[in-house]
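Chemist: Predicted model, plus sequence, below.
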Amino acid sequence: MLETVSQASDFIVINDIDVTYGEGEDEVLAVKGASMTISEGEFVAVVGPSGCGKSTILKVVSGLHRVSRGSAKVEGEEVVRPTKICGMAFQNATLLPWRTALDNVLLSLEISPATEAQFRGRKAEFREMALEILALVGLKDFASKYPWELSGGMQQRVSLSRALIHKPRMLLLDEPFGALDAFTREDLWNVLQKLWFELRPTVILVTHDLREAVYLADTVYVFSPRPGRVLSRTPIDIPRPRSLETTFEPGFQDLVNGLRTQIQRPAS
Ligand SMILES: Nc1ncnc2c1ncn2[C@@H]1O[C@H](COP(=O)(O)OP(=O)(O)O)[C@@H](O)[C@H]1O
Ligand SMILES: [Mg+2]
């Protein structure tokens, strides 16, 4: 079992949690005895076979689902309700089709409890913030385009911008690039690396892609098939910034292969 030693810089501490869904005969044990300790500003990737509880970990950390045993703390406080300090993005960009890229990014300020009341009064300032982040993801000239005018990769850039516009301290990403082709995905790795450098949120990235995990993360957790347990925690000591050349280096490939040997397939 991995030991959990609490330190001042620990931002997210998950200690020996079980997570279940349903009740009685329908009860499903999704995660069993998992522990993770994540520092402020750390970039963590979670990998493991389908159904092993990766998305469940994000739900626990964001307060959308409670643990049934153990504890999950953010900044020393037990997570008991949906947290306001996190931005999220998913495999589908889920943009509103009738809103431009800019207005999709602004949406998160419009509906966030922290900024909702000020939205009208500070609209010009918020607009500047949205344009700034769209420029950071390379969409400066696409702010007035509608989702259907954007490629899948561009839509995902808008989705990342929307997740980060309010400069959340925590960014939770659930297979955000899973639906993109390999080349677009690699472009997005660089976009995400840049965003993380600029804004330094604590990131948990759930991904199926081991190269993506090694490219982006400081630490990679491998989960077992359901019920998800932490099989290993691998620090990635490759210098940053990482580039596509990095992926051809033997050290990179060794890390990817090392992770691959740990992934267990669920019995089928
Ligand atoms: N709302 C739910 N009700 C019942 N079972 C669920 C629910 N959400 C997830 N599960 C089950 O919990 C397990 C873990 O789910 P999930 O965290 O989504 O896995 P992953 O993201 O690793 O694919 C899966 O077997 C899934 O079927
Ligand atoms: Mg999932």
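Modeler: All right, it came through fine. Numbering: from 1, shown residues only. Ligands and ions are numbered 1, 2, ... in the order given.
Chemist: mind listing the helices in the stretch 151-268 of the chain by residue range?
Modeler: 152-164, 182-199, 210-216, 250-262 (DSSP state H, counting those that start in this stretch).
Chemist: Tell me which of these lies nearest to Pro176.
Modeler: With respect to Pro176, and counting by CB to CB, the nearest of these is helix 152-164 at 6.2 Å. Just so you know, the C-beta spots here come from the backbone N, C-alpha and C atoms, and that holds for glycine as well.
Chemist: okay if I get the helices of the stretch 151-268 of the chain as CSV plus distance to Ala130 and mean neighbour count?
Modeler: Putting the helices of the stretch 151-268 of the chain into CSV (distance: least, CB to CB, whole Å; neighbours: other CB atoms under 10 Å) gives the following:
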stretch, distance to Ala130, mean neighbour count
helix 152-164, 7, 24
helix 182-199, 14, 16
helix 210-216, 24, 23
helix 250-262, 35, 14
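Chemist: Give me the pLDDT value at whichever residue of the stretch 101-250 of the chain sits closest to ligand 1.
Modeler: For the stretch 101-250 of the chain, the residue closest to ligand 1 is Arg226, as judged by CB to the nearest ligand atom, at 4.8 Å. Per-residue pLDDT puts Arg226 at 95.
Chemist: how deep is it tucked in, by neighbour count?
Modeler: 19 (other CB atoms under 10 Å).
Chemist: residues contacting it?
Modeler: By CB atoms under 8 Å, 6 or more residues apart in numbering, the residues touching Arg226 are 28-30, 51-53, 266.
Chemist: Flag every residue of the chain that's near ligand 1.
Modeler: With the criterion set to CB under 6 Å from any ligand atom, the chain comes near ligand 1 through 21-22, 28, 30, 50-56, 226.
Chemist: Using CSV, lay out those residues together with secondary structure and distance to Arg81.
Modeler: Converted to CSV, the residues of the chain next to ligand 1 look like this (DSSP: H, G, I helix; E, B strand; the rest coil; distance: CB to CB, whole Å):
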residue, secondary structure, distance to Arg81
Tyr21, strand, 19
Gly22, coil, 21
Val28, strand, 23
Ala30, strand, 20
Ser50, coil, 29
Gly51, coil, 27
Cys52, coil, 26
Gly53, coil, 21
Lys54, helix, 22
Ser55, helix, 19
Thr56, helix, 17
Arg226, coil, 26
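Chemist: Go through those residues and say which is closest to Leu216.
Modeler: Looking across those and measuring by CB to CB, the closest to Leu216 is Lys54, at 15.2 Å.
Chemist: Just to be sure, Val31 is in a strand?
Modeler: Yes: counting by DSSP: H, G, I helix; E, B strand; the rest coil, Val31 is found in a strand.
Chemist: quick one: contacts for it?
Modeler: Val31 neighbours (CB under 8 Å, 6+ apart): 17-19, 53, 56-57, 60, 227-229.
Chemist: most centrally placed residue in the chain?
Modeler: Nearest to the geometric centre of the chain sits Leu173, at 2.2 Å (CA atoms, centre = their mean).
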